[in-house]
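Test case, fold it:
(2 chains)
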Amino acid sequence: MAKSIEAVKGSNKAVGNRLAGTIAIFAFLLILGIFMALPIYLAVIMSIKPVHELFVFPPKFYVIDPTLDNYRDMFKTLSDMWVPFSRYVFNSVFVTVCVTVAQCVFASMAAFVLAKCRIPGGNFLNKLIVTSLLYQSNVIYIMQYIVMAQLHMINTYWALILPSVASPMCLFLMRQSMSTVPDAMIEAAKVDGANMFTICWKIVMPNQKPALMTMIIFAFQAAWNIQGGTLVYKEALKTLPTVVNQAATAGLARTGVAMAGTVFMLVPPIVIFMLAQKNVIETMAHSGIKD
Amino acid sequence: MEPTQIGQRSKAEERRMLWLQVKQNKECYLMMAPFMLVFLVFTIIPVVMSLPMGFTDFNMVQLPKFVGLSNYTTLFLNDSIFIQSIRVTLIFAIFTGPLSYVLCFLLAWLINELHPKLKTIFTLIFYAPSMANVYNVWQLIFSGDSYGFLNSKLLSLGLITSPIQWLTDSEYVLGSVIVVQLWISLGAGFLALRAGFQNIDRSQYEAGAIEGIKNRWQELIFITIPSMGPQLMFAAVMQIVGSFTAGTVAQSLVGFPSTDYKAHTIMTHAYDYGWVRYEMGYASAICMVLFIAMLVCNKLISKLLSNFMD
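Residues are numbered from 1 along each chain as shown, chains lettered A, B, ... in the order given. This next block holds a predicted model:
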């Protein structure tokens, strides 16, 4: 009897500990969350401050008289430059759509083959993809430039689009997700006379919606942030991030407009992420690298 | 004589079999072709090309001239800024690599304990900074005059008496950039770990409780980590890439070159020689060093993690 009372007490204590733990966790996350969110909050606040509030001393963390002037200025004054602002928006949207679509289509097909077909060289390619996860960065930028120059692609849309199309990370995520598709399903389709192309798009892909959404998110984020850099120096081909950065470094006078641009850059990825977040978490669960 | 003939015939046979297999699967190869072609031209060829390029003197106008190991000897023996950049990159990598990795892990773990609605909100908050190039906001925070948010707060609290030049004072440059880099470092690796935690079978914890596991800490060590090996590896790769190739953030925040080269990473050094001085051979040699460092780091971590995995 005494023993069981002791046990109940013990478990009560454990429950209490757990609750205290949860509160502590929440507090910790809240503090870190504030640190993480503060800069974004500031960007939003600064972007809706009227000019006379932007230069108040000391700088305020809130806005008294919110206005959309900065956003209007961003579209209007910047469109008086010799390349209209709408051109940058078009460039970014065009490049983003091309990269996202091409990346998803190409990577899905390649992932299907690598995950489900036993072909000579398949193993090697799988290893190659995992290794190249390390190289999907700006380290190869210089050599990319030389390749581009040889192909006469400098200063064209190709220079913005092509380097980002083949993303090993997206291929890898898709392959991991597809390898959970049962072989029997594919065999059955083969018996019915379907070719590999049909099997990929009609049978496997419809079941890969989470992975596809994840790929779209990563592709979109990468593409939306593409800056031509040295690959594109014609003003009419530059993308939004380049211009927003230029505006940001233009000095204090443009602060409001620069922040409006920043918020404008941040909203599309956030919206897309919110829409697809559940799918992303589901897919990333398969992301593990096994030797 | 006989055995070699047989050996040759079987080799020819093998090749024929292989060719048959390839022909049988030509549909598969065709489906891979678009991705692999772009991948080959814009990733593989550039990576492979930087190896021989590192042994040449190349300025993009004249043909590359073979110079043997001189690029590498100059790098390590005569280029004091490169040595400085290794130091900066290592400091960077230590903070944004392991620290941010642990942070990713810790946050993913803690978030997983919360209510589903809160999970979504916190995931978004932590992931948002890496979504777009929004780090120019930090220019307002670190602004060197008293209009900067950080300076004005510190001034009003009486912690400092005059504004600090966060982005140009050689004492603070590196610290400032590290803070910003940490801020944007919770990317794909963080999401992978988040997903890994989400996916762990709850019944394992119940079984664990019966076996005598008392608190969250023990759950983490004995149940969670062992079943998350692959995600841990993926996140590690992502963090390595992020921390070693850092440089663009620093360049746009503290200018190029930064005061006393205090935020001059290997990437920045490669940029300097590649795009400012057009010494492509030398820049390739710098990139090669970085490649090798990343590969070694990758191998080390996979060794380390394989101890934890089953």
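
what about the helices in the stretch 1-150 of chain B?
B:2-24, B:26-39, B:45-53, B:70-73, B:80-94, B:100-112, B:116-127, B:137-141, B:149-156 (DSSP state H, counting those that start in this stretch).

Tell me the helices and strands packed up against the fourth one.
Read it as helix B:70-73. helix B:280-306 (3 or more C-beta pairs under 8 Å, 6 or more residues apart in numbering or on different chains; DSSP states H and E). Glycine gets a C-beta too; all of them are placed from N, C-alpha and C.

Would you point out which residue of the stretch 1-150 of chain A is nearest chain B?
A:Met143 (3.3 Å; C-beta to the nearest C-beta).

Kindly check the end-to-end length of stretch B:236-251 for me.
Chord length of stretch B:236-251, first to last residue, is 25 Å (C-alpha to C-alpha, to the nearest Å).

That one close to chain A?
Yes: Stretch B:236-251 comes into contact with chain A (C-beta under 8 Å from any C-beta of the partner chain), by way of B:237-238, B:240-241, B:245, B:247-248.

now B:Lys119, nearest residue through space, not along the chain?
B:Ile111 (5.5 Å; C-beta to C-beta, 6 or more residues apart in numbering or on different chains).

From B:Phe105, how far off is the one you found?
11 Å (C-beta to C-beta, to the nearest Å).

Count the residues that sit near B:Ile94.
12 (other C-beta atoms under 10 Å in any protein chain shown).

quick one on the thing from earlier: element containing the residue of the stretch 1-150 of chain A closest to chain B, please.
helix A:141-150 (DSSP states H and E).

And A:Ser177, by the same measure?
helix A:168-178.

could I get the very next helix or strand once past that helix in PDB with only the CA atoms?
Toward the C-terminus, helix A:168-178 is succeeded by helix A:183-191 as the next helix or strand (DSSP H and E). The C-alpha coordinates for helix A:183-191 follow below in PDB (Å, rounded to 0.1, in the frame of the first residue of the first chain):
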ATOM      1  CA  ASP A 183       8.900  -2.400 -56.400                       C
ATOM      2  CA  ALA A 184       5.800  -4.500 -56.900                       C
ATOM      3  CA  MET A 185       3.800  -1.400 -58.100                       C
ATOM      4  CA  ILE A 186       6.400  -0.700 -60.800                       C
ATOM      5  CA  GLU A 187       6.600  -4.400 -61.900                       C
ATOM      6  CA  ALA A 188       2.800  -4.500 -62.200                       C
ATOM      7  CA  ALA A 189       2.800  -1.500 -64.400                       C
ATOM      8  CA  LYS A 190       5.600  -3.000 -66.500                       C
ATOM      9  CA  VAL A 191       3.500  -6.100 -67.000                       C
END
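
Average pLDDT for the host helix or strand of A:Leu19, rounded please.
For A:Leu19, the host element (DSSP H and E) is helix A:2-47. Computed over helix A:2-47, the mean pLDDT rounds to 75.

and after that helix, which helix or strand comes next?
helix A:51-54.

just checking, what packs against that following helix?
Against helix A:51-54 (3+ C-beta pairs under 8 Å, 6+ apart) you get helix A:255-284.

between the helix it packs on and helix A:168-178, how many degrees?
With axes from the mean of the first three to the mean of the last three C-alpha atoms, to 10 degrees applied, the angle from helix A:255-284 to helix A:168-178 works out at 30 degrees.

For B:Lys65, see how far away B:Ser10 is.
47 Å.

of the residues of stretch B:236-251 next to chain A, closest to chain A?
Lowest distance from chain A to the residues of stretch B:236-251 next to chain A (C-beta to the nearest C-beta) belongs to B:Thr245, with 4.3 Å.

give me the low-pLDDT residue ranges for chain B?
Along chain B, segments meeting pLDDT under 70 span B:1-9, B:308-310.

most centrally placed residue in it?
Taking C-alpha atoms, centre = their mean, the centroid of chain B lies closest to B:Val241, which sits 1.5 Å from it.

Now do the phi/psi pair for that one.
Main-chain dihedrals, B:Val241, degrees, to the nearest 10: phi -60, psi -50.

Using PDB, list the CA coordinates for stretch A:254-266.
Only the C-alpha atoms of stretch A:254-266 are listed here, as PDB (Å, rounded to 0.1, in the frame of the first residue of the first chain):
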ATOM      1  CA  ARG A 254      16.900  55.100 -49.100                       C
ATOM      2  CA  THR A 255      16.500  53.100 -45.900                       C
ATOM      3  CA  GLY A 256      12.700  53.000 -46.100                       C
ATOM      4  CA  VAL A 257      12.700  51.900 -49.800                       C
ATOM      5  CA  ALA A 258      15.500  49.400 -49.200                       C
ATOM      6  CA  MET A 259      13.500  47.800 -46.400                       C
ATOM      7  CA  ALA A 260      10.400  47.800 -48.500                       C
ATOM      8  CA  GLY A 261      12.400  45.900 -51.100                       C
ATOM      9  CA  THR A 262      13.600  43.400 -48.500                       C
ATOM     10  CA  VAL A 263      10.100  42.700 -47.300                       C
ATOM     11  CA  PHE A 264       9.000  42.300 -50.900                       C
ATOM     12  CA  MET A 265      11.800  39.700 -51.300                       C
ATOM     13  CA  LEU A 266      10.900  37.800 -48.200                       C
END
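
can you give me the helices in the stretch 151-300 of chain B?
Under DSSP H, counting those that start in this stretch, the stretch 151-300 of chain B gives helices at B:173-183, B:188-198, B:202-211, B:216-219, B:229-244, B:248-254, B:266-271, B:280-306.

ok, back up a step: from what I can see the residue of the stretch 1-150 of chain A closest to chain B touches B:Met288, true?
No: applying C-beta atoms under 8 Å as the test, A:Met143 and B:Met288 come out as separate, 10.8 Å apart.

So for these two, which residues contact both of them?
Taking C-beta atoms under 8 Å, 6 or more residues apart in numbering or on different chains as the criterion, A:Met143 and B:Met288 both touch B:Ser50.

Report how many residues lie close to the closest residue to A:Val181 other than its chain neighbours.
Excluding its sequence neighbours, the residue lying closest to A:Val181 (C-beta to C-beta, 6+ apart) is A:Val204, at 5.6 Å. Neighbourhood size, A:Val204 [other C-beta under 10 Å]: 19.

doesn't B:Ser284 make contact with B:Ser50?
Yes: proximity of B:Ser50 to B:Ser284 meets the contact threshold set by C-beta under 8 Å, at 4.4 Å.

Of the two, which one has the most company?
B:Ser284 (29 against 24).

mind listing what that one touches?
B:Ser284 neighbours (C-beta under 8 Å, 6+ apart): A:142-143, B:49-51, B:53-54, B:58, B:71.

filter those residues to the buried ones?
A:142-143, B:49-50, B:53-54, B:58, B:71 (16 or more other C-beta atoms under 10 Å in any protein chain shown).

Go through those residues and name the one nearest B:Leu295.
B:Ser50 (13.3 Å; C-beta to C-beta).

just so I know, which of the helices of the stretch 151-300 of chain B lies nearest B:Gln24?
helix B:229-244 (32.2 Å).

how big is the angle separating that closest one from helix B:188-198?
Using the same axes, to 10 degrees: helix B:229-244 against helix B:188-198 is 160 degrees.

List the buried residues in helix B:229-244.
So for helix B:229-244, counting by 16+ other C-beta under 10 Å, buried means B:229-244.

what's the closest of the residues you listed to A:Pro241?
Out of the buried residues of helix B:229-244, the member with the shortest distance to A:Pro241 (by C-beta to C-beta) is B:Gly242, at 18.0 Å.

Pretty sure the closest one sits against B:Ser185.
Yes: in this structure, B:Gly242 is within contact of B:Ser185 by C-beta under 8 Å, at 5.7 Å.

All set, thanks.
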